[in-house]
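Chemist: Here is a sequence with its predicted model. Questions after.
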Amino acid sequence: DAGVIQSPRHEVTEMGQEVTLRCKPISGHNSLFWYRQTMMRGLELLIYFNNNVPIDDSGMPEDRFSAKMPNASFSTLKIQPSEPRDSAVYFCAAAGNYGYTFGSGTRLTVV
Amino acid sequence: QKEVEQDPGPLSVPEGAIVSLNCTYSNSAFQYFMWYRQYSRKGPELLMYTYSSGNKEDGRFTAQVDKSSKYISLFIRDSQPSDSATYLCAMRRNTGTASKLTFGTGTRLQVTL
């Protein structure tokens, strides 16, 4: 089992550009979570899915953020247009019986 | 007030010391408590998982939960330089996989030689 796989590992983009972050969750894990981590605010839940259906997107900061899970093996988080304050590490996590398995994250820098 | 409070540190201890990491929380509905360890530039990994009040031991690590005080702790005995990481507490209300975790902000630990 390769665990949760995220891509890209690093992304540097200019303000105003569209950014797409990708996640391949663990096969058979039905719930998927997107988190953002910064020094100031720690881990913040953005959105989560259960059986590919968005359950709670109240953490999505604004309409510039959107997330999809078209099937059980793939999810995307899109920011359009990106802003410098979006710079953070974005994690995807799959929920098991006892907790989450996190991916290695995507470090996003918006300049 | 945040639902889960955790001192960000940093906490610096010499090798071999006993480390105590703590979190307080305000929501009495939390029943499942976890500790995650996060190395630099990595994702958090599950370290300890406990249900309700009590202690759980795994090697050098002991997790304690005191629901009456809304206080959880992680103790590390005989700390090693490889324990240097950020430790995040997390908790949730029920056990369904769709149940979301609420995290503390993490405590950065440095174990020195």
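Modeler: Arrived safely, thanks for sending.

Chemist: only C-alpha atoms for contact and neighbour calcs from this point on.
Modeler: Noted.

Chemist: Make sure B:A29 is actually in contact with B:R93.
Modeler: Yes - using C-alpha atoms under 8 Å, B:A29 is in contact with B:R93, at 5.6 Å.

Chemist: And the two? Which one has more around it.
Modeler: Each of B:A29 and B:R93 has its neighbours counted (other C-alpha atoms under 10 Å in any protein chain shown); B:R93 has more, 16 against 11.

Chemist: Give me the local confidence score for the more buried one.
Modeler: Per-residue confidence at B:R93 stands at 86 (pLDDT).

Chemist: how about it, what does it touch?
Modeler: B:R93 is in contact with B:A29, B:F30, B:Q31, B:Y32, B:S99, counting by C-alpha atoms under 8 Å, 6 or more residues apart in numbering or on different chains.

Chemist: Quick check: beta-bridge partners of A:A67?
Modeler: Beta-bridge pairing of A:A67 under DSSP bridges involves A:L77.

Chemist: Tell me how many other residues surround it.
Modeler: A:A67 is surrounded by 21 other residues when neighbours are defined as other C-alpha under 10 Å.

Chemist: Also B:R60?
Modeler: Number of residues near B:R60 (other C-alpha under 10 Å) recorded here: 11.

Chemist: ditto for B:R41
Modeler: Taking other C-alpha under 10 Å as the criterion, the count of residues near B:R41 is 12.

Chemist: Excluding chain neighbours, what is closest to it?
Modeler: Nearest non-adjacent residue to B:R41, counting by C-alpha to C-alpha, 6 or more residues apart in numbering or on different chains: A:S104, 7.6 Å away.

Chemist: cool, and A:D57?
Modeler: Across the structure, with C-alpha to C-alpha, 6+ apart as the measure, the residue nearest A:D57 apart from its sequence neighbours is A:I47 (4.3 Å).

Chemist: thought the one you found was touching A:S31?
Modeler: No - in this structure, A:I47 sits apart from A:S31 without contact. The criterion is C-alpha under 8 Å, and the distance is 10.8 Å.

Chemist: Which one's more surrounded, those two?
Modeler: Each of A:I47 and A:S31 has its neighbours counted (other C-alpha under 10 Å); A:S31 has more, 26 against 23.

Chemist: From chain B, how far off is that one?
Modeler: 6 Å (C-alpha to the nearest C-alpha, to the nearest Å).

Chemist: what pairs with the closest residue to that residue other than its chain neighbours across the strands?
Modeler: Among residues not flanking A:S31 along the chain, A:N50 sits closest, at 4.3 Å (C-alpha to C-alpha, 6+ apart). According to DSSP bridges, the residues that bridge with A:N50 are A:S31, A:V53.

Chemist: Now for A:T38: which residues touch it?
Modeler: With contacts defined as C-alpha under 8 Å, 6+ apart, A:T38 is in contact with A:A88, A:V89.

Chemist: And A:T13, by the same measure?
Modeler: With contacts taken as C-alpha under 8 Å, 6+ apart, A:T13 has the following neighbours: A:V19, A:L108, A:T109, A:V110, A:V111.

Chemist: burial of B:G59, as a residue count?
Modeler: Under the neighbour criterion other C-alpha under 10 Å, B:G59 is assigned a count of 7.
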